[in-house]
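**Q** Predicted model and sequence below, questions to follow.
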Amino acid sequence: LPVVVALPALLAALDASPRAVLEAPPGAGKTTVVPLALLAAAWREPAQKILVLEPRQLAARAAAARLAQLLGEPVGRTVGYRVRLDSKVSKDTIIEVITEGILTRMIQDDPALEDVACVVFDEFHERSLNADLGLALALDAQAVLRPELRILLMSATLEAQRLGQWLPAPVVSSAGFLFPVETHYLDP
């Protein structure tokens, strides 16, 4: 997948800064490749989790299933999910794919997100009140309680440079697949 080429730059950005923005087109592998790459990050303690936020329950379940499949494990072992009224996690779960409302509840229970190494906002271009609130709460936790907490925003269409300036955060871009296109005209 195309995002693999950008992984070294992304990991270096998160080594140097607690925030980063990843811009990659749809289908580049943001959802399925990046969380697995974060497992080996030097700044993540072995017991710390990676939270991956998805805007919809179906997307959260599907992402967790694909990540677990890539690891050759069932959902609920290394990769699990939590959505409203349903969850599949265990004590061994490191990557939790959650919906944005779940993050808000998690921060209410643990404002510092003590057992979390990184919060990944996937599909951040699909802006919503819950996503914006989750980002505001995560940034507040990072600023006041946990300066080492990593925050990663991933987007396919958002203006990444402006977002990077606002956070502030380094922006890493990944190209998509380019396929040759031929135009054929049919006779009338």
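**A** Here it is on my side, so go on. Residues are numbered from 1 along each chain as shown.
**Q** ok, residues contacting the helix-or-strand element of the chain with minimal mean pLDDT?
**A** The weakest-scoring helix or strand in the chain, judged by mean pLDDT, DSSP states H and E, is helix 160-166 (a mean of 83). With Cβ atoms under 8 Å, 6 or more residues apart in numbering as the test, helix 160-166 has contacts from 21-23, 124, 153, 155, 169-171, 173. Every C-beta, even on glycine, is put in place using the N, C-alpha and C of the backbone.
**Q** Buried members of the residues you listed into ChimeraX, please.
**A** With 16 or more other Cβ atoms under 10 Å as the criterion, this ChimeraX line picks the buried residues out of these:
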select :21,22,23,124,153,155,169,170,171
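**Q** Would you state the strands of this structure in chain order?
**A** Along the chain, the stretches classed as strands by DSSP state E are 19-23, 49-54, 79-83, 86-88, 95-99, 116-121, 150-155, 171-173.
**Q** Can I get stretch 3-16 in CSV? Just the C-alpha atoms.
**A** Extracted C-alpha coordinates of stretch 3-16, given in CSV (Å, rounded to 0.1, in the frame of the first residue of the first chain):
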residue,chain,number,x,y,z
VAL,A,3,1.4,4.7,2.8
VAL,A,4,4.2,2.3,3.6
VAL,A,5,6.6,4.6,1.8
ALA,A,6,5.6,7.4,4.2
LEU,A,7,5.9,5.4,7.4
PRO,A,8,9.6,6.2,8.2
ALA,A,9,8.8,10.0,7.9
LEU,A,10,5.7,9.6,10.0
LEU,A,11,7.4,7.6,12.7
ALA,A,12,10.3,10.2,12.7
ALA,A,13,7.7,13.0,13.0
LEU,A,14,6.1,11.4,16.0
ASP,A,15,9.6,10.7,17.5
ALA,A,16,10.3,14.5,17.3
